[in-house]
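Peer 1: Quick one: sequence plus predicted model below, questions after.
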2 protein chains.
Amino acid sequence: MAAGPAHHVVIVGAGFGGLEVARRLARADVRVTVIDRRNHHLFQPLLYQVATASLATSEIAWPIRSLLRRYGNVTTLLGRVVGVDSREKAVLLSDGEAVPFDTLVLATGARHAYFGHDEWERHAPGLKTLEDATTIRRRILGAFEHAERCTNEAERAGFLTFVVIGGGPTGVELAGTIAELAHDTLRRDFRNIDTRQARIVLVEAGPRILPGFRRSLSDYALRALRKLGVEVRLGQAVFECTAEGVRIGAEHLSAKTVIWAAGVAASPAAEWLHAPADRAGRILVAPDLTVPGHPDVFAIGDTAHVGMPDGRQVPGIAPAAKQEGRYVAETITARLKGGNALPPFRYKDAGSLATIGKRAAVVDFGWIRVTGWPAWWLWGFAHIYFLIGLRHRLAVALNWLWIYFTGQRSARLITQERAKDDG
Amino acid sequence: MAAGPAHHVVIVGAGFGGLEVARRLARADVRVTVIDRRNHHLFQPLLYQVATASLATSEIAWPIRSLLRRYGNVTTLLGRVVGVDSREKAVLLSDGEAVPFDTLVLATGARHAYFGHDEWERHAPGLKTLEDATTIRRRILGAFEHAERCTNEAERAGFLTFVVIGGGPTGVELAGTIAELAHDTLRRDFRNIDTRQARIVLVEAGPRILPGFRRSLSDYALRALRKLGVEVRLGQAVFECTAEGVRIGAEHLSAKTVIWAAGVAASPAAEWLHAPADRAGRILVAPDLTVPGHPDVFAIGDTAHVGMPDGRQVPGIAPAAKQEGRYVAETITARLKGGNALPPFRYKDAGSLATIGKRAAVVDFGWIRVTGWPAWWLWGFAHIYFLIGLRHRLAVALNWLWIYFTGQRSARLITQERAKDDG
């Protein structure tokens, strides 16, 4: 290891929160090590577009090393963290190595949760990584291919039925884009099937979609989805997922493609520290985002359950993780300078956005609400603004304008077949 | 199946040759079925750029269906052909289905050949599919990550040694680009290693690299490669590939990353028909590109061994496959019209191109030879011209200009780790 300042900050996870901590510590008198088990940072808000063949994987991901290369005090480590030795103050890696820390930041993110039914995952994959996205893309495009060759009517209907479970932003965005794929993009590509006959079903256990938004926007999104031909089922919970479809109440819905967008669970970070956690595994952090009993360990982003004065909790979205990351970096800097502790973390709501296909979106900035195509353009500009680097912005903008005007999606590739065969 | 003209042409393989046959038959009075086991057509000449993190997979691949959608007489079938029943005149698919044909075109392409050492494949992967490219990309980028964390000097040297076997265009292009990755792109990304210390070795059993080009261009390419820091070893054959490296003569070269660009073998099409084949498995076709004894079956591209009047054989490159495809389509049309047989197929050499990194290339049009950066720009324009569709052209041009001026490569993603773990 290179020589440098004495104080060593270890950040586990290079998502929105972890990266923000590293960047904000660039000029502090600390050594920083960022550990992630992937070599890339992922722009998760656009992951559904990779899953639905609109964007390429490299358009929403960046090598962590190159994002951090200009910060001389930051080292990047590709490794899988399996535990924390809080007495020795060291992070344990899967290959047996121990990385000592003075301050630790846990920003390990979340995976999907199947509410105790992990066996559903193989039938209803979730969407958190680039591999998840290419898996879902392969299933969606493969279903149309199978339907084209299928001679049994009932089986063909199963291949042409797509069920998305969960009516949050990801579920709404997936369902809307699959509907566009079927009803527009693929319309003239097949000879034996009419892709417009495809049935896209969005299942939400609660009383409305986009529950994080206000009622009027939920209602608008519902109308927009139905206009796209999506069958939305509210107040219906899923009781079973199999290779043949899903059971919703007493009804069995025959579907070969089921996508899980219903729940998330935090990484096992809470278990590493035997820290108190909520039902989803998020650490119940103190008001300064430290882990109770571990003043030198912070948890942020989807790893942390952060309460707000009004009793709600900070949502699991990118802007919240970034704000927490910034707060943690400032706290670490203040501590090293020996100053007073900062006031408790306070989340500033910068607004919520969600798209429904390529013509509509809902945007809620609190003081103003926008729907329809102006909201879509607003959504598009906001996301391009938050992408890192000119090249990614140009590439994504080019893709979106192309899809907008031609309806054609370029990333319609079925890959990883060999990996699957080999398995 | 849709009703239509009586004569049914089945094309197996949607590479450069197969697609050309389908397109040229668009206005003929035939039904055409294109069968491929992948859903995409691949622009193989640029595959090495996906392997070396310069391009995204979707930038060099197109869904076959959308390429053929406007030809109403063409049906696309995603399926794996496992045999031909020449008595019943039907193609047999892996799922048991039989697709009857009146005329059959075999354009099934090639895989890499290990000269009887198939066990080398896991240590020295070849480059023919998108999955091959992402596998090689993962290995190259992963080697630098391992080197960064490695504390044993000898082991680190192994991770920083990259061996490319085979000095044809693919080998030269791979070695040159890996050298640029190590010496330029990744230079400032690591803290414990100096990526400029990486050793890139190109091994060629013959007396010179680019043996298909004339001597002066081979010599120029050799100088250009050496200037990029590539260690070129001529006249040295590989005797063994293991997880630890390669044995060249009596010498053992310790290398964790070995890439195979040495030999190709045709698909088993010759075996399906018990047709005469050369050592690489290519069918020894008649002068009209039919398979001897099967006047209704054609073989083209890498599936066929086509002799030329001067005793050489038609090279296994895209322009040759396209010319053969065009010839076959014209022959089928002429036969249906009952006209005279066409004169035997004649290959027109349109020139050869190869790049060495991002500043040099060699171009041989026969009447003129170009080297250096003018050749690089010529190479670039030619390849962008042959890409299909404005969007792909814009995207690839954007990427190349970006790399040219910034040295940064956007597609540096290590993916499919899960698929690997699962296996």
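Peer 2: All right, it came through fine.
Peer 1: can we go C-alpha only for contacts and neighbour counts from here?
Peer 2: Will do.
Peer 1: How about the contacts made by A:L127?
Peer 2: Contact analysis of A:L127 by CA atoms under 8 Å, 6 or more residues apart in numbering or on different chains lists A:L47, A:Y48, A:H112, A:A133, A:I136, A:W260, A:A261.
Peer 1: least trustworthy position among these, going by pLDDT?
Peer 2: Looking at pLDDT alone, the contacts of A:L127 dip lowest at A:H112, where the score is 86.
Peer 1: all helices in chain A, in order from the N-terminus.
Peer 2: Using DSSP state H, the helices of chain A run over residues A:16-24, A:47-51, A:64-68, A:130-149, A:153-159, A:169-180, A:215-227, A:269-273, A:318-336, A:372-386, A:390-406, A:417-422.
Peer 1: Can I get the third one in PDB, CA atoms only?
Peer 2: In other words, helix A:64-68. Below are the C-alpha coordinates for helix A:64-68, written out as PDB (Å, rounded to 0.1, in the frame of the first residue of the first chain):
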ATOM      1  CA  ILE A  64     -15.100   2.500 -10.700                       C
ATOM      2  CA  ARG A  65     -11.400   2.900 -11.100                       C
ATOM      3  CA  SER A  66     -11.700   5.500 -13.800                       C
ATOM      4  CA  LEU A  67     -14.400   7.400 -11.900                       C
ATOM      5  CA  LEU A  68     -11.900   7.700  -9.000                       C
END
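Peer 1: gap between that helix and the chain center?
Peer 2: Its chain's average C-alpha position is 20 Å from that of helix A:64-68, according to CA atoms, centre = their mean, to the nearest Å.
Peer 1: Next, see if that helix gets close to chain B.
Peer 2: Yes - against chain B, helix A:64-68 shows contacts by CA under 8 Å from any CA of the partner chain at A:R65, A:S66, A:L68.
Peer 1: now stretch A:33-53
Peer 2: Yes - using CA under 8 Å from any CA, stretch A:33-53 reaches chain B at A:R38, A:N39, A:H40.
Peer 1: Now the residue in the stretch 201-350 of chain A that chain B sits nearest to: closest residue in space that isn't a chain neighbour?
Peer 2: For the stretch 201-350 of chain A and chain B, the shortest gap (CA to the nearest CA) falls at A:S267, measuring 16.4 Å. Among residues not flanking A:S267 along the chain, A:A110 sits closest, at 5.3 Å (CA to CA, 6 or more residues apart in numbering or on different chains).
Peer 1: ok, so what distance separates that neighbour from A:T303?
Peer 2: Distance of A:A110 to A:T303, given as CA to CA, to the nearest Å: 7 Å.
Peer 1: Identify the contacts common to the two.
Peer 2: Joint contacts of A:A110 and A:T303 (CA under 8 Å, 6+ apart) are A:A266, A:S267.
Peer 1: Looking at these two, which is more packed in?
Peer 2: Neighbour comparison, A:A110 and A:T303: the larger count goes to A:T303, with 29 against 20 (by other CA atoms under 10 Å in any protein chain shown).
Peer 1: about what we covered before: how close does the residue nearest to A:S267 get to A:Q197?
Peer 2: 36 Å.
Peer 1: Turn the helices of chain A into CSV, columns for distance to B:R279 and mean neighbour count.
Peer 2: Shown next, in CSV, are the helices of chain A (distance: least, CA to CA, whole Å; neighbours: other CA atoms under 10 Å in any protein chain shown):
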stretch, distance to B:R279, mean neighbour count
helix A:16-24, 55, 25
helix A:47-51, 43, 25
helix A:64-68, 46, 21
helix A:130-149, 36, 21
helix A:153-159, 43, 17
helix A:169-180, 48, 26
helix A:215-227, 59, 17
helix A:269-273, 58, 19
helix A:318-336, 58, 21
helix A:372-386, 53, 16
helix A:390-406, 45, 16
helix A:417-422, 26, 12
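Peer 1: Mind telling me which of the ones you listed the model trusts least?
Peer 2: Lowest mean pLDDT within these: helix A:417-422, a mean of 38.
Peer 1: hmm, back to that, restricted to buried residues, select the residues of stretch A:33-53 next to chain B in ChimeraX.
Peer 2: Those of the residues of stretch A:33-53 next to chain B that count as buried under 16 or more other CA atoms under 10 Å in any protein chain shown are selected in ChimeraX with:
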select /A:38,39,40
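Peer 1: any chance of the residues of stretch A:33-53 next to chain B in JSON lines, with pLDDT and distance to B:R282 too?
Peer 2: Below are the residues of stretch A:33-53 next to chain B laid out as JSON lines (pLDDT from 0 to 100; distance: CA to CA, whole Å):
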{"residue": "A:R38", "pLDDT": "94", "distance to B:R282": "42"}
{"residue": "A:N39", "pLDDT": "93", "distance to B:R282": "41"}
{"residue": "A:H40", "pLDDT": "94", "distance to B:R282": "42"}
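Peer 1: Which of the residues of stretch A:33-53 next to chain B fall in strands?
Peer 2: Residues of the residues of stretch A:33-53 next to chain B located in strands (DSSP state E): A:H40.
Peer 1: Go through the residues of stretch A:33-53 next to chain B and say which is closest to A:R247.
Peer 2: Nearest to A:R247 among the residues of stretch A:33-53 next to chain B is A:R38, at 35.3 Å by CA to CA.
Peer 1: so how far is A:A110 from the closest one?
Peer 2: From A:R38 over to A:A110 (counting by CA to CA), the distance is 14 Å.
Peer 1: gap between stretch A:213-233 and the chain center?
Peer 2: Here stretch A:213-233 shows a centroid-to-chain-centroid distance of 21 Å under the convention CA atoms, centre = their mean.
Peer 1: do the same with stretch A:22-29
Peer 2: Distance of stretch A:22-29 from its chain centroid, counting by CA atoms, centre = their mean, is 26 Å.
Peer 1: just the CA coordinates of it, formatted as PDB?
Peer 2: C-alpha atoms of stretch A:22-29 as PDB (Å, rounded to 0.1, in the frame of the first residue of the first chain):
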ATOM      1  CA  ALA A  22     -15.100   9.000  -1.700                       C
ATOM      2  CA  ARG A  23     -15.400  12.100  -3.800                       C
ATOM      3  CA  ARG A  24     -16.200  14.400  -0.900                       C
ATOM      4  CA  LEU A  25     -13.100  13.100   1.000                       C
ATOM      5  CA  ALA A  26     -10.800  13.800  -2.000                       C
ATOM      6  CA  ARG A  27      -9.300  16.800  -0.300                       C
ATOM      7  CA  ALA A  28      -9.500  15.500   3.300                       C
ATOM      8  CA  ASP A  29      -6.400  14.400   5.100                       C
END
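Peer 1: Pull the residues that contact it.
Peer 2: Contacts to stretch A:22-29, defined as CA under 8 Å, 6+ apart, come from residues A:5, A:7, A:11, A:32, A:34, A:68, A:71-74, A:326, A:329-330, A:333.
Peer 1: Those residues: which two are farthest apart?
Peer 2: The span of these, defined through CA to CA, is set by A:P5 and A:R326 at 20.8 Å.
Peer 1: Distance check, the residue positioned nearest the centre of chain A against A:G366.
Peer 2: For chain A, the residue nearest the mean C-alpha position is A:Q44 (4.2 Å; CA atoms, centre = their mean). As judged by CA to CA, A:Q44 and A:G366 stand 23 Å apart.
Peer 1: what do you get for A:V82?
Peer 2: The value you get for A:V82 to A:G366, if CA to CA is used, is 41 Å.
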